[in-house]
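In: Pasting a predicted model and its sequence here:
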Amino acid sequence: MTNLAAFVILWMLIAETSIGPASGLSQSDWDRWASAAKSTFEKAVDVGKDSIVKLSTAAGKVVNHVKDATLGERCNKRWIIANTSGLEQTLKASLCGQHIAIKHILASLGQLKRDFKSKSMHQPRLFHFYGGRGTGKTYAAQIVIDHLYRQGEYSSFVHVFSPAKDFPDRTMDYIYASRLRQKLIKLVSLCPHRLFIFDDFDKMSLLVNLALKPLLAKSRVQEFSRSIFLFMGTGGQERIMSTLISLYRDGASRDTLTADSFRQSRGPTTGTCGADRICDAGVDTTLESRFVDVPFLPLERAHVECCLKSAARRLSCSVEQYQDRLTKAVDFRKYERWEFAAAGCKKLAIQLIDVCL
């Protein structure tokens, strides 16, 4: 059995990975992988000495282990997992008070696994997450990342851009746009299944439009047909609040509200780049019209308590005895008869870490 195991693993390594001593790998790496192989096959032997199927399965696991360690992340379904069922479960369990966001994220991303297998062309997915601080935009993006890519936020297929870090000089928007365009073209040529996140989009909408509009034109859209673009910003948060209060005043309940209720709250982004960016009122709005608008609503007390319980579950921490104290640490502001968390759940998360760790 031992000789058979050794033969199977050697054959699969050569056939599947083209790895051998000539590859220049260190002796310590080979020793580590050999140890893993031995352990895996010992378990297979214990389960059933006469089962060649179990042996092959075990050998396949070893091959995957070696490929992962030597080749790193690759553009295939082993690394781009597109776990849409897990995405749905986590969003519904953890993204508190944002039923509109959950609906639109799932509607757009729910077919990713099927699309990954399909060879037909798709439109790139363009999301615009907008709303106040602490309402869950970044958290929702993190949930998406964790369920689309095996490596999560450390995946080489996830790219985050922010104006302060990547585009600090406000006089260089046109130069930045050219560089960004070339970078994106190169990245999708290596693997089209990428997620591009533009944080603080309100402050760089001109730059992003200059870079992306030519890439997403009909003549080139196929190159980016399997990519996801996520634009996040706080633009329109005051209008979201005033719209929400008006709807509440008219007797609407929160769970009946839709994205259309807040369509005007977003306000213009294309061509209005904030006080600290140069702007061009003549920028075409074609790109913006293709956004899936996802408003994030201000959180009420019940939603903050939901955040607390959700975060406690993730930390495997019991917080019942601290719940009142932690909730009181959140600053609530009153608008007529309704109270909303000034900064959502951000401060709560810090308080919870102090309690649980």
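Out: It's in. Residues are numbered from 1 along each chain as shown.

In: switch to C-alpha atoms for all contacts and neighbour counts from now on
Out: OK.

In: Pull the number of nearby residues for the residue lying closest to G97 once chain neighbours are set aside.
Out: Excluding the flanking residues, the one nearest G97 by C-alpha to C-alpha, 6 or more residues apart in numbering is H303, at 5.5 Å. The tally of other residues near H303 (other C-alpha atoms under 10 Å) stands at 20.

In: begin at 23 from here
Out: That works, and once the first residue is 23, the last one we named lands at H325.

In: how about H325, secondary structure?
Out: Classification of H325 using DSSP: H, G, I helix; E, B strand; the rest coil returns helix.

In: isn't it right next to S116, touching?
Out: No. With contact defined as C-alpha atoms under 8 Å, H325 does not reach S116; the gap is 10.3 Å.

In: quick one: the residue nearest to G119 from R203, how far?
Out: Using C-alpha to C-alpha, to the nearest Å, we find H325 at a distance of 40 Å from R203.

In: Likewise for S107?
Out: Taken as C-alpha to C-alpha, the span from S107 to R203 is 33 Å.

In: higher neighbour count, those two?
Out: Using other C-alpha under 10 Å as the criterion, S107 and R203 rank with R203 on top: 18 against 12.

In: what's around the nearest residue to that one once chain neighbours are set aside, how many residues?
Out: Leaving aside its chain neighbours, R203 sits nearest to A233 (5.0 Å; criterion: C-alpha to C-alpha, 6+ apart). Neighbourhood size, A233 [other C-alpha under 10 Å]: 22.

In: from memory A233 sits against I207, does it?
Out: No. Using C-alpha under 8 Å, A233 is not in contact with I207; the gap is 10.5 Å.

In: okay, now the domains of this structure?
Out: Domain assignment for the chain by automatic domain parsing gives 24-93, 106-318, 323-378.

In: Tell me where the stretch 273-379 of the chain has strands.
Out: For the stretch 273-379 of the chain, the strands defined by DSSP state E, counting those that start in this stretch occupy 314-318, 354-357, 360-363.

In: Spit out the contact partners of Y171.
Out: Shown in contact with Y171 (C-alpha atoms under 8 Å, 6 or more residues apart in numbering): 101-104, 177, 179.

In: try 7 Å this time
Out: Each residue near Y171 by C-alpha atoms under 7 Å, 6 or more residues apart in numbering is listed here: 101-104, 177.
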